[in-house]
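Colleague: here is a sequence together with a model predicted from it:
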2 protein chains.
Amino acid sequence: MKTVLITGADGLIGSRLREALKEIYRLKLITAEPIEGETTIQTDITAMDKMVQACQGVDSVVHLAASPAVDTPWEEILHNNIIGTYTVFEAAKRAGVQQVIFASSNHAVGSYEDEYVNKAAAGQRELLNHLILMRPDSYYGVSKVFGEAMGAYYADHQGLRVICIRIGWINPDNEPKGDPTKPSPAMWMSHEDFAQMVQKSIEADKVRFDIFYGVSDNQNRFFDLEHAKEVLGFAPHD
Amino acid sequence: MKTVLITGADGLIGSRLREALKEIYRLKLITAEPIEGETTIQTDITAMDKMVQACQGVDSVVHLAASPAVDTPWEEILHNNIIGTYTVFEAAKRAGVQQVIFASSNHAVGSYEDEYVNKAAAGQRELLNHLILMRPDSYYGVSKVFGEAMGAYYADHQGLRVICIRIGWINPDNEPKGDPTKPSPAMWMSHEDFAQMVQKSIEADKVRFDIFYGVSDNQNRFFDLEHAKEVLGFAPHD
């Protein structure tokens, strides 16, 4: 049974993920606040010593902790998403962790979205693949490009295996509500599909570095899923 | 006559560039130390107020200031190359500057280099184009991916025009010396060719955002130059 450390395990996404994975892996949870009935670790993710300690004995880190709002100001992005993400990769390396799964975001390529969702709504759907040039729509998006780049560096030069999931839209209601001509429903991802993608990433022992779009198979989807199907065997349920 | 602000104007590259451009543009120079006979500005590039002041009345910023060594430790990269580059883009926007030319680097895609230089040496040259997925070889390279991403954001959402030049190898002797099967000579750029590329970038009023490789037309060149020729009219002399 692998040991998996989840950062941000009490966030919107982390809360669902830890429920889905708790029977499959031995989980270690970094959370903002203690959770009743669970063993958790509270630390700022920029604290290197504590992060190295948290990474001891871990096979895979699922790094979700970040300021999640697209309009987060620069100073907060710098601390939580840039310095924090560097610290997670470096701590994982120092502790001998094999793999980091980095929660990237559609916002790393967000400036393409209006064009692609309009094409899809007009019945002329084109798919964005994972190799396309970054085009972030915010400081938040820039921080996700940064995290992917840091992941590539640690994969190519520091011995980690790294998978980046560009998460679309995961919401509390777990339903793709809203105007279907807007980007959000077209990039919706169900809690179950996200958990499946993370689990298949954890099991993908031969992937040195890769990037996948984290979306369900939505009607107006404009993010490619073929790559995740081929490499991970991802099979979206929703 | 346009006004051009050069950051790092007393560095290896900046020193040659300011000589080449001084008859063509009204120059403002940010330098580490004063230069005899020149009006210069000394400021840490992370000092927002001073950077906004330096950007007043400027048409184009050529942002060269950075820790240039590929093995620079993270903490220094964070301050000079990450926070510094954010500050330059934000100061330029606040001061109403039209364009930022960002000195990116081959190290943003450095993990491809061994493979491509070996192919070229074996007579099976393939060219890396500017759209290829980032693959940095160092924290330095990560900081250059970050700068390009920040540039894309400011171009797409904050009204700046941004050109990123992925500089190959510019050396003091201005000669492509060394083993031709190694990456450096294959990505050499002469001082004159760099000045030409910067000048043509400054004049490229219609380019909202783009990325070009900054190399001369070397024997084993593996970085694409067609894109710079087409968009900028770049014509390498060396």
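Modeller: Thanks, I have it.
Colleague: CA atoms only: put the lowest-mean-pLDDT helix or strand in chain A into CSV for me.
Modeller: Comparing every helix and strand of chain A by mean pLDDT, DSSP states H and E singles out helix A:183-186 as the least confident one, with a mean of 82. Output for helix A:183-186, consisting of C-alpha atoms alone and laid out as CSV, is shown next (Å, rounded to 0.1, in the frame of the first residue of the first chain):
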residue,chain,number,x,y,z
PRO,A,183,-16.2,28.1,-20.3
SER,A,184,-17.0,26.6,-16.9
PRO,A,185,-19.5,23.9,-17.8
ALA,A,186,-17.4,22.9,-20.8
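Colleague: that helix near chain B at all?
Modeller: No: where contact is defined by C-beta under 8 Å from any C-beta of the partner chain, no part of helix A:183-186 touches chain B; the two come within 15.1 Å at best. (C-beta placed from N, C-alpha, C; glycine too.)
Colleague: host element of A:Val61?
Modeller: Assessed by DSSP states H and E, A:Val61 sits inside strand A:60-63.
Colleague: ok, the next helix or strand after that strand near chain B or not?
Modeller: Following strand A:60-63 in sequence order, the next helix or strand is helix A:74-76 (DSSP H and E). Yes: legend: contact between helix A:74-76 and chain B by C-beta under 8 Å from any C-beta is shown at A:Trp74.
Colleague: before we move on, back to that, list of residues touching the least confident helix or strand of chain A?
Modeller: Contacts with helix A:183-186, where a contact means C-beta atoms under 8 Å, 6 or more residues apart in numbering or on different chains, come from A:106, A:113-114, A:117, A:120, A:169, A:176-180, A:218-222.
Colleague: between those, which has the most around it?
Modeller: Neighbours were tallied for each of the contacts of helix A:183-186 (criterion: other C-beta atoms under 10 Å in any protein chain shown), and the maximum of 27 neighbours falls on A:Asn106.
Colleague: A:Gly14 belongs to a helix?
Modeller: Yes: when DSSP: H, G, I helix; E, B strand; the rest coil is applied, A:Gly14 is found to be in a helix.
Colleague: contact partners for it?
Modeller: Contacts of A:Gly14 by C-beta under 8 Å, 6+ apart are A:6-8, A:29, A:31, A:64-65.
Colleague: could you dump the residues you listed to a markdown table with secondary structure, pLDDT and distance to chain B?
Modeller: Putting the contacts of A:Gly14 into a markdown table (DSSP: H, G, I helix; E, B strand; the rest coil; pLDDT from 0 to 100; distance: C-beta to the nearest C-beta, whole Å) gives the following:
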| residue | secondary structure | pLDDT | distance to chain B |
| --- | --- | --- | --- |
| A:Ile6 | strand | 98 | 24 |
| A:Thr7 | strand | 98 | 19 |
| A:Gly8 | coil | 97 | 22 |
| A:Leu29 | strand | 98 | 27 |
| A:Thr31 | coil | 96 | 26 |
| A:Leu64 | coil | 98 | 21 |
| A:Ala65 | coil | 97 | 19 |
